[in-house]
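Q: A predicted structure for the sequence below; I have some questions about it.
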Amino acid sequence: AQTVTQSQPEMSVQEAETVTLSCTYDTSESDYYLFWYKQPPSRQMILVIRQEAYKQQNATENRFSVNFQKAAKSFSLKISDSQLGDAAMYFCAHDVIYGGSQGNLIFGKGTKLSVKP
Amino acid sequence: EPEVTQTPSHQVTQMGQEVILRCVPISNHLYFYWYRQILGQKVEFLVSFYNNEISEKSEIFDDQFSVERPDGSNFTLKIRSTKLEDSAMYFCASRGPFSRGNYNEQFFGPGTRLTVL
């Protein structure tokens, strides 16, 4: 079974500093995708960044970057120059596309990020 | 920019009643999903729908639940005989055609908050 584990229920960062959120996953598939979603208090799910497992290069989106370690099944999110608007729940998710699967996302339990001014 | 919409944003119902949650996916998308998030917990997959039938469903998606695409645009989730534990945020998502090497992400709607009293 596919699983996603986020071991940090809560994290805190000072504005303008850098923070790293951890995620590990388990899958027997070699071809899959990993995501970080942001969920602000409005509870809308917002895609932050995506990583394809077949790509060795770590994905980057402006201030957000990932450290993807395929052998270790680790997928951490780094937020640089943290801003007050980054405060939210962050969910790591895993998507497997194989056989007859329709690519259902599997989510971790989330990390609540607070940003201190 | 096209987006997934959901109505209502908040539904309050009495235990034992039936509710229908509505979603309008992005127009050229082919795959549709429902997810559930109980307050303070992770997002959980309920069901996926493709080609006018259920593709996959989770253990949560029992006989109490049903989905339908009644008119080619709406995608509905019906919950019969609601229970207190059905109180949650329900997210609809849709995606375009995808396969290995041709990935399309899932786009989430803003969610419907269901409160069962």
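A: That came in fine, so what should we check first?

Q: list the beta-bridge partners for the nearest residue to B:Thr82 once chain neighbours are set aside.
A: Across the structure, with Cβ to Cβ, 6 or more residues apart in numbering or on different chains as the measure, the residue nearest B:Thr82 apart from its sequence neighbours is B:Val116 (4.7 Å). Every residue, glycine included, has its C-beta placed from N, CA and C. With DSSP bridges applied, B:Val116 shows beta-bridge pairing to B:Thr13.

Q: kindly report the same for B:Glu68.
A: Taking DSSP bridges as the rule, B:Glu68 bridges to B:Thr76.

Q: for it, give its distance to A:Leu105.
A: In this structure, B:Glu68 lies at 22 Å from A:Leu105, with Cβ to Cβ, to the nearest Å as the measure.

Q: and the residue nearest the centre of chain B?
A: For chain B, the residue nearest the mean C-alpha position is B:Trp34 (2.7 Å; Cα atoms, centre = their mean).

Q: need the contact list for that residue.
A: For B:Trp34, the contacting residues are B:Cys23, B:Leu46, B:Val47, B:Val67, B:Leu77, B:Tyr90, B:Phe91, B:Cys92, B:Ala93, taking Cβ atoms under 8 Å, 6 or more residues apart in numbering or on different chains as the criterion.

Q: which element, helix or strand, includes the third one?
A: B:Val47 is part of strand B:43-50, with elements assigned from DSSP states H and E.

Q: so is the next helix or strand after that strand next to chain A?
A: Past strand B:43-50, further along toward the C-terminus, the next helix or strand under DSSP H and E is strand B:53-57. Yes: with Cβ under 8 Å from any Cβ of the partner chain as the criterion, chain A is reached by strand B:53-57 at B:Ser55, B:Glu56.

Q: what is the neighbour count of the closest residue to A:Met11 other than its chain neighbours?
A: Excluding its sequence neighbours, the residue lying closest to A:Met11 (Cβ to Cβ, 6+ apart) is A:Leu113, at 5.2 Å. Other residues lying near A:Leu113 total 21 when counted by other Cβ atoms under 10 Å in any protein chain shown.

Q: check B:Leu117 too.
A: B:Leu117, neighbours per other Cβ under 10 Å, totals 10.

Q: that one against B:Thr13, yeah?
A: Yes: with contacts counted by Cβ atoms under 8 Å, B:Leu117 reaches B:Thr13, the gap being 7.2 Å.

Q: A:Lys55 versus the residue positioned nearest the centre of chain A, what's the distance?
A: Nearest to the centroid of the C-alpha atoms of chain A, with distances taken as Cα atoms, centre = their mean, sits A:Trp36, at 2.9 Å. As defined by Cβ to Cβ, A:Trp36 lies at a distance of 16 Å from A:Lys55.

Q: got it, and B:Leu21?
A: Distance of B:Leu21 to A:Lys55, given as Cβ to Cβ: 36 Å.

Q: of those two, who's got more company?
A: Set side by side, B:Leu21 and A:Lys55 show more neighbours around B:Leu21, with 22 against 11, by other Cβ under 10 Å.

Q: measure the closest residue to B:Phe65 other than its chain neighbours to A:Ala59 for me?
A: In space, not counting the residues next to it along the chain, B:Phe65 is nearest to B:Ile79; the distance is 5.9 Å by Cβ to Cβ, 6+ apart. If you measure B:Ile79 against A:Ala59 using Cβ to Cβ, the figure is 37 Å.
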